[in-house]
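[1] Pasting a predicted model and its sequence here:
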Amino acid sequence: MLAALYLLLTLAFAGALLALLLKPGAAGGPVVWGLAAGLPLLAAMAGALSAQARAARTLAGYTLAPVTVTVVNRERLHTLTLDARTAACVERAVRLNTPSALLTPRGRVLLVEGTRVEGSLPPRAVVEALGIRGDLSCPQLRTLSEQERSALE
């Protein structure tokens, strides 16, 4: 609803700017400059609010629940029970191929190139929606430094 309002306001600003540009001298420079400066801000707000609404719809159809997964890396198996947000962090790290270490009570579990996760992680759309909503913080996941990466090879 609010996104539609911002979109209509953006279109109104664009129409006013176009009308002023087609009639030279109808408005002073500061008015034209103000309308032109406001357009990207309004468009960004409309886009952000639209993305927030889309993320809310995506999350409404998904129940965040703990999952049990098996992480397979370098011939080692780690069976873990992860809360929903940590599972989302793992899904993102594996999908984006980000060398990371998952900190668990039993020690670090490396998520490096070639790591497979068996089990049901949250879908990509849910992970992206959590990120858009600002609900995806990953305190249990740490990106490996360049030194740590080279030590693994």
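    Cool, got the structure.
[2] list the buried ones in the longest helix along the chain?
    For the chain, the helix with the greatest residue count under DSSP state H is helix 29-60. For helix 29-60, a neighbour-count test (16 or more other C-beta atoms under 10 Å) marks 35, 38, 42-43, 45-46, 49, 52, 55, 58-59 as buried. C-beta here means a position set from N, CA and C on the backbone, and glycine is covered the same way.
[3] which of the residues you listed lies closest to residue 98?
    Using C-beta to C-beta, residue 55 is the member of those that sits closest to residue 98, with 21.4 Å.
[4] looking at this, residue 69 is in a strand?
    Yes: under DSSP: H, G, I helix; E, B strand; the rest coil, residue 69 sits within a strand.
[5] Across the sheet, point out what pairs with it.
    residue 80 (DSSP bridges).
[6] Quickly note the distance from it to residue 16.
    To residue 16, residue 69 is 54 Å away according to C-beta to C-beta, to the nearest Å.
[7] re the thing from before, and the longest helix of the chain, how far out from the chain's middle?
    Mean C-alpha position of helix 29-60 versus that of the full chain (C-alpha atoms, centre = their mean, to the nearest Å) differs by 17 Å.
[8] which helices and strands sit right next to the helix or strand hosting residue 109?
    Take DSSP states H and E as the rule and residue 109 turns out to sit in strand 107-111. When contacts are defined as 3 or more C-beta pairs under 8 Å, 6 or more residues apart in numbering; DSSP states H and E, strand 107-111 packs onto strand 67-73, helix 84-95, strand 100-104.
[9] Can you spell out which helices and strands pack onto the last one?
    With contacts defined as 3+ C-beta pairs under 8 Å, 6+ apart, the packing partners of strand 100-104 are strand 76-82, helix 84-95, strand 107-111, strand 141-143.
[10] List the residues that contact residue 122.
    Taking C-beta atoms under 8 Å, 6 or more residues apart in numbering, we find residue 122 in contact with 62, 64, 67, 84, 87-88, 91, 130.
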